[in-house]
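# What shape does this take:
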Amino acid sequence: MEVNIVEQLFPNGLTVLTQLCSTLVLFLIAKYFLWASVKNFLDARAEKMQEELALSQKAKEEALADRKVALEQLNTASTKSEEIVSAAIQQA
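Numbers count the residues shown, from 1 in each chain. This next block holds a predicted model:
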């Protein structure tokens, strides 16, 4: 039994042409029916991601502002506690 390797590696031109044409037809059909819906989906997804990014940036800014307020309150409480301790030491 003899197998012709060249025929196995390189199919005839008609088969290649048929496969290329069918691939082109499938691509055109997919583009015609799916392109608009896929593009709309991707645009909506990008818009949603931008909104979420803006919300997360706003939340980060609020968290930083809250942290600043908390640090100020901590410093104030620390100062008051030092005053109370020094007043107690002076009274004792």
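
# If you tally nearby residues, what's the number for residue 26?
Residue 26 has 10 neighbours, counted by other Cβ atoms under 10 Å. In short, each C-beta sits where N, CA and C put it, glycine included.

# Against residue 13, how distant is it?
Residue 26 sits 20 Å away from residue 13 when distances are taken as Cβ to Cβ, to the nearest Å.

# next one: residue 85
The gap separating residue 85 from residue 13 is 96 Å, by Cβ to Cβ.

# Residue 38 now?
Using Cβ to Cβ, residue 38 is found at 34 Å from residue 13.

# quick one: which of these two has more around it?
Each of residue 38 and residue 13 has its neighbours counted (other Cβ under 10 Å); residue 38 has more, 12 against 8.

# can you tell me the helix or strand for that one?
Using DSSP states H and E, residue 38 sits within helix 13-91.

# same question, residue 2
Counting by DSSP H and E, residue 2 is part of no helix or strand.
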